[in-house]
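In: Whatever this is, show me its structure:
(chains A, B, C and D)
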Amino acid sequence: MTDSAILISLAGVLAAAAPVVFAVLGETISERAGVLNLSMNGMILLSAMGSFAVALATKNVFLGFLAGAAIGALISLIVAFASLTLMQSQVAVGFVLALLCRDLSYFLGNPIMGQVAPRISQLPIPGLEGIPILGTLIFRQDMMTYLSFVLVILAWFFIFRTRPGLTLRGIGERPAAAFVRGANVNRLRYVYAMIGGAIAGLAGPIYSLSIKAGWKGTISGLDGIGWIVLSITIFGGWKPFRAALGCYLFAILQWLGLVLQPSLPSVPSQVLQVAPFPLMILTLLFVNIGNAEWVERSLARLPENVRREIAKALRAMNATPPAALGVPFEKE
Amino acid sequence: MRNVSRIFLMLLIAVVVGSAAFAQSAPPAAGSNLTIGLVMVGPYNDHGWSQANYDGIQYVLAKVPGTKLVYIDKANSADRPGTTVSQLGESLVAQGAKLVVFSSDDMTDEAIKFAQDHKDIFVVLTSGSQQWKDGKDYKPLPNMINVMGRMEYMKMVAGVAAAMTTKTGKIGFLGPLINDETRRLAASAYLGAKYAWVNYLKKDAKDLQFKVTWIGFWFNIPGVTSDPTQVADDFFNTGFDVVISGIDTTEAVAEAAKYQAQGKTVWAVPYDYAKAIDEGKGVSLGVPYFNWGPAYSAVVTSAMKGTWKSHWEWNAPDWKNINNPDTSAVGFKKGTLSKAASDGVDTFVGELGKGLNLWKGPLNTQDGKPYLKAGTVATDQQVWYLPQLLEGMQGQSVSK
Amino acid sequence: MRDNRSTRFAFQLGAVVLALGIATLALLAAGAQPIQAYRNIILGAVGSWDVAANVLVSWVPLLLATSGLLVTFTVGLWNIGIEGQITLGAIFTTWALRSLQSSAMDPALVIILAVLAGMAGGALWAMFAGALKTFGGVNEIFGGLGLNFVATALNLWLIFGPWKRPGVASMSGTLPFERALWMPIAAGSSRLTPMTLIIAVIAILAVYAMIEGTYFGLRLKAVGKNQKSAYILGIPTWQHMMSSFAICGVFAGLAGAVQVTSVYHRLIPSISSGYGYMGLMVAMLVGYKASIAAPVALFFAALNVGSIQLPIVMKLDSSLAGVLQGTLVLFVILGQGARGRLLKKAKVRT
Amino acid sequence: MHVELRKIAKCFGALRANDAITLTVPASTILGILGENGAGKSTLMKIFSGFYSPDSGEILLDGKAVRISSPADAIRQGIGMLHQDPLDFPPLRVLDDFILGRRGGLIPNRRGAAKEFKELALRFDFSIDPDVYVDTLTVGERQQLEILRLLWLGARVLILDEPTTGISLPQKEKLFATLKKLAAEGMTIIFVSHKLEDVEALCTQAAVLRQGVLVGEMLPPFQTKDLIEMMFGKEVPLAPKLKLEPGKSVLAAKHIALDGIRLQIKGVDLEVRAGEVIGLAGMEGSGQALFLGACAGLAQPTEGSFCLDEDEHDMTGRSHHDFRREGVAYLPAARLEQALVAGLSLTEHFILSEGMKGLFIDRRKSEELAASRIALYNIKGRPDSAVESLSGGNQQRALLALMRSPLKLILVEHPTRGLDIESTIYVWGKLKERCAQGTAIVFISADLDEVLQYSDRVMVFFAGRVSPPLDSGKLSVEELGRLIGGKGWEALQGATEHA
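Out: Alright, predicted model coming up:
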């Protein structure tokens, strides 16, 4: 394999990760506000199907993408309403929606199986595509892949640099304190759940109108993406760049799985494919183990400086979820 | 406790009755009207394997008077949790089906159970080998017929088209999961490609690269299989300019179209459904496809006339016209081919019709061990149960 | 508004009506006759003894999964990893059957051992998620999800790798076991195994009795309702959480074992058939109470089996069953919330 | 700012949390509001800072009646509240926390904010790095951060709720200096506390609340004795003191060091003997709850050891259940949160705590058990009553009824908090019965009379300082009140070092 071939492949990895980036960032924003949207798997399928149907009917890709975002926002609205207004478990509602939306997409999408709708294509950026390495890697992608890069930066900038982003972090970490400082916690949670849902909803059309163009029902190869998205969100530690890194790591593992197939015949092909999940579990383990009672118990007797060091090491993982994730807020 | 023993007694009786059933004869003639039940593994409109079968039965309905169709698609436990294929077959029987086509090798076990449980129903198991006396899985069932087309030939043709087209001498094969069938189809494509490379293009066999990448399943399951889109991309990115698809879904064609749009000269070969070529105008070199109509017509007719006899058939193309919808079990629909490539395909088909056999020694398996000695021709068994990829092919031979 | 049986019933009825409404809308959107569709589903589930038997076949693993989940829900855990636990149960059962099938052992004994192995397999996988939760602080939802995928991959690897059938390895799964190693099938049916029905009924009764009638069940409840107080009351909390995982795993493994020994007679790629997730839905719908789990699971199974008629008769996709189940659970949850809100308002006013 | 509260009243159900409270606080005043727990201080401050709206009464700022609709509205009107547990964002950086809540454009001017932060910090001689994370700060520093933030937002009235809990002495001195400086600049400061020492050292005016009513106001020089009397009211008639001869050693705590969230205590020694009652006195959060929990195995000491019985059976590092098995009972104050399971009936609680053996619940036997205990402990409830439906007094009785016998040691937090006199006497009657059987009791109470009345010996906790066990017979309410308020520690021999 030549250098440039690797670059082109990596460029492909970046493109393959684009929908996952959207979904993970959408989920990250929602969870930052304290709303865990477990419906991701059904949501991506339904928005993939819905946006494909719209693009098919209108012959307009843009309307298709719009539909995908709308579906994502609508489903998030249901999650938000059930949990924020009706005080029901976010996990339960999200899980039901994950299954419901999946079946709904198969049922409603049956008549349009296998049809050909418009799709977006590559859009090399003149001038920039010629830059060595970066040109190949970044500037010969399609619109949504560019947007995925922009979105990562934008999401990071919004969350960590803007005033509303600061409030967003606040309502997810300590809604009571955010309330005291003038934030309308529940309304903001609605807003961010729906914005996050709309962004994540775009993952659907990126699949069905671009990288896996078409709608093929159960063999579309999309069932399961949503669960992976939830895993990467955790791995990403609710930080856009780390989340994006998780998405690219996932796509690279997938790619490695097939590249290494001939050279590592002794490794079952499933190993690299499922790798994101053990990775997620390990991440969670490192992040949480410090809180476990037995760890605390055994740490208690250690000399203070050793304790500090261990606490520091655990802290370095620094991927604690928003403290109020999934916890409803009621002002006194 | 008494109940338990009674149940075991019932089991015993069932086993005895079940084994006695092998002695029974096939169901009697179905008469002038016949409702056909069709069980498909994927969606009936999948533009792939299932739809090819669906079209095959549609052909029967048009050609054989008195036939009706009831069908169920997506007959797999992922799509229809909690159901078994034999149960789905029974649903069709309840709708009046007297002959049930189980149109996938994946349904083998359930089709056998169904055939054993319903001796009055004609059963067709497509692509199975249970009624092949010389096969490894021979399990005589008087009401079952196995039907399969010799796709190997058309994969060879696909290989020829690929070899005549490639500029880089690198051909990729996008494989599903690894088994005997997928190995022999991949090997066939390789044999065709090598033949054209050496004999038509007069190039050194060493300069031809033929690489197989398996995704691990018939379609993509995120988090479990490799992504065929990525596989196709990877081929195109690493200098492979033709990708032959071994899976039903059309990622290879879609990706080739994408790369062509970027000004790259790459092509793809879809698989097994004639109209799949429409999805990739300008990028598909052609499609090797199944034409199930004639074979299904024959078995349906035999059931109606009372001439049904359990057997296994592996149907060759009609060499006079491989695309004859009434006679050829498999075909190759040409797509975007250069003049030379198109001529090469025609020449090759002509040679095959005259008796050219590429399954002929000396051939070694991938590990270098002899598979066929010089001069010997492979038997059907040797081809059907190909144990490894052939020497000269890259890629995994056996799943780990 | 008062909080009593009739308002609760009214809200549940409302949920059913709304769910039917949504499904009807979906049918209309697909250009189908809703009444005819429902009629076909009903006929497909109870129209004949054969289809009714199929409903029971599907009821057994679903009820087993639900039974297990009721235990984890009692202790306040969301065991979403149950799919993987069913899969591991099936894998262990297959392993035992494969190891023992050529031995001289009595087939009945082999089946029993295989089923026990399956139960152990399910329990093992559940304890894995449990250990991650209790010792590692890993939320059981995410740990379980990850383990589900690992189980699927393990299953596929076995089917296409070490346990592949001679000849053509395929999605069809491993080589089917000899009929002697099948759970005995009822006379006059092609797949109903009375033994599994007995197992399922015993399972749900056992869970009901355990939660409502035993000291252990009471302790589970206490841990589920208030971990801190339960601990102060002298209940070893993490041990009870682990046990509930293990028990759920046993039931899930049993469901997997039933799938192998009485439904598929082999290991297939999607051996869990989604019963775990469906069991979660059933458990949510019954409000985590064992008393009405059996009929609701039966209803879900009937919907699943009955909906097969939709593609056959009406050329509709059978995922309508899932839509109906999902909307039903969704509206019941939303109804609960709405009722809670209205009750609270009523309380404030008085 | 001149602040006036006129006839503020607020009820929660039947509880009159504030009963027509009228207070006038001129600008530059530091008003100390004193009162024991539940006196209504927090409610009043929450009304003032916009959390609650009063049932009646009005608030005047500089003579103008205002309506304060929310905490955010309060700060807009110049009222800043510093909560006991600072309402900040531990996972954020100091500067982000500082900016959060301040209105402005899309992108905050971080550089400008940092500059102003540093200037403000310099003014009060605070040294907080704006780039570190809030959770690396001490509580004192977090308070400083909140003060700076509230000032930055334009606060002209500053309410501080128990601000000296959990901060170090130098930090407290700095805080007081800051507050004095602010008052001198015209700021109005309301200092809510139950620490006499702090009020005396800081305030220019004091008001005392008891049971929702303003019972008195005072100007310096403060008379400690009068303040104590106002705070704690008249003595409750209590049962006569029983004096039992202490028996053999039950629990020996040797050189215990504990690491709490807010404070550390070190070098605590205590030997409890059978039949003896030890009272742990101190304002809430002074370390006594931590110590009591450690005696039950609920918190692990970082140094020292716990031994049970005369044979010095070492229990250090063992779990609560091990202590429980050895006959140690723990009765927490948060009954419904930590001791009882809401949703389960009384019968079910008895079943659970008895640790009954067997598989199936013996309904009849357990109902008989429940019925007999209910009768024995005079609980107003039926065996099938859900515990959350019982009144506080009955919940406490239920907790007593749940204790097994025999017991070596009972550890109890606030045994009579929220109880009426009858229940109080009843609860102590039952506890004393246990003593007579040879059980030792260690209890926490904020009620000085209760401590003196029932304890044989008293340990006083004050902000991480722990007194040696003092003979209760030689202590007066006043002396104890002074110690709790942080005064008179110099005279104690053997008090542990300040952490």
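
In: C:Ile185: what secondary structure?
Out: Put simply, C:Ile185 is coil when judged by DSSP: H, G, I helix; E, B strand; the rest coil.

In: Do I have it right that it meets C:Met195?
Out: No. With contact defined as CB atoms under 8 Å, C:Ile185 does not reach C:Met195; the gap is 9.5 Å. Bear in mind the C-beta positions are built from the backbone N, C-alpha and C, glycine included.

In: what do these two both touch?
Out: Residues touching both C:Ile185 and C:Met195 by CB atoms under 8 Å, 6 or more residues apart in numbering or on different chains: C:Ser262.

In: is any part of stretch D:342-351 close to chain C?
Out: Yes. Using CB under 8 Å from any CB of the partner chain, stretch D:342-351 comes into contact with chain C via D:342-344, D:348-349, D:351.

In: Not counting sequence-adjacent ones, nearest residue to D:Thr224?
Out: With CB to CB, 6 or more residues apart in numbering or on different chains as the criterion, D:Thr224 has its nearest non-adjacent residue at 6.0 Å, and that residue is D:Leu196.

In: how close does the one you found sit to C:Ala222?
Out: Separation of D:Leu196 from C:Ala222 (CB to CB, to the nearest Å) stands at 43 Å.

In: which non-adjacent residue is nearest C:Thr93?
Out: In this structure, C:Thr93 finds its nearest non-sequential neighbour in C:Gly118, 3.6 Å apart by CB to CB, 6+ apart.

In: any idea how far C:Gln325 is from that neighbour?
Out: 26 Å.

In: next one: C:Lys164
Out: For C:Lys164, the distance to C:Gln325 - CB to CB - is 35 Å.

In: A:Ala15 too?
Out: The gap separating A:Ala15 from C:Gln325 is 36 Å, by CB to CB.

In: cool, D:Val466 as well?
Out: The gap separating D:Val466 from C:Gln325 is 61 Å, by CB to CB.

In: Neighbour count: the two, which is higher?
Out: Counted by other CB atoms under 10 Å in any protein chain shown, D:Val466 and C:Gln325 do not tie: D:Val466 has more neighbours, with 28 against 25.

In: ok so, going back, let me know whether the residue nearest to C:Thr93 touches C:Ala257 as I believe.
Out: Yes. At 3.0 Å, C:Gly118 counts as touching C:Ala257 under the criterion of CB under 8 Å.

In: which residues are in contact with both of these two?
Out: If you check C:Gly118 and C:Ala257 against CB under 8 Å, 6+ apart, the residues they both contact are C:89-90, C:92-93.

In: tell me which parts of the stretch 201-350 of chain B are close to chain D?
Out: Within the stretch 201-350 of chain B, not a single residue sits near chain D (CB under 8 Å from any CB).

In: how about the helices in the stretch 201-350 of chain B?
Out: B:228-237, B:251-261, B:293-305, B:339-353 (DSSP state H, counting those that start in this stretch).

In: and of those helices, who's closest to chain C?
Out: helix B:228-237 (16.0 Å; CB to the nearest CB).

In: what angle separates that closest one from helix B:251-261?
Out: Orientation check (axes from the mean of the first three to the mean of the last three CA atoms, to 10 degrees): helix B:228-237 against helix B:251-261 gives 50 degrees.

In: Wasn't B:Tyr371 part of a strand?
Out: Yes. According to three-state DSSP, B:Tyr371 belongs to a strand.

In: ok, residues contacting stretch A:191-198?
Out: When contacts are defined by CB under 8 Å, 6+ apart, stretch A:191-198 is touched by residues A:25-33, A:35, A:37, A:43, A:69-70, A:72-77, A:79-80, A:84, A:168.
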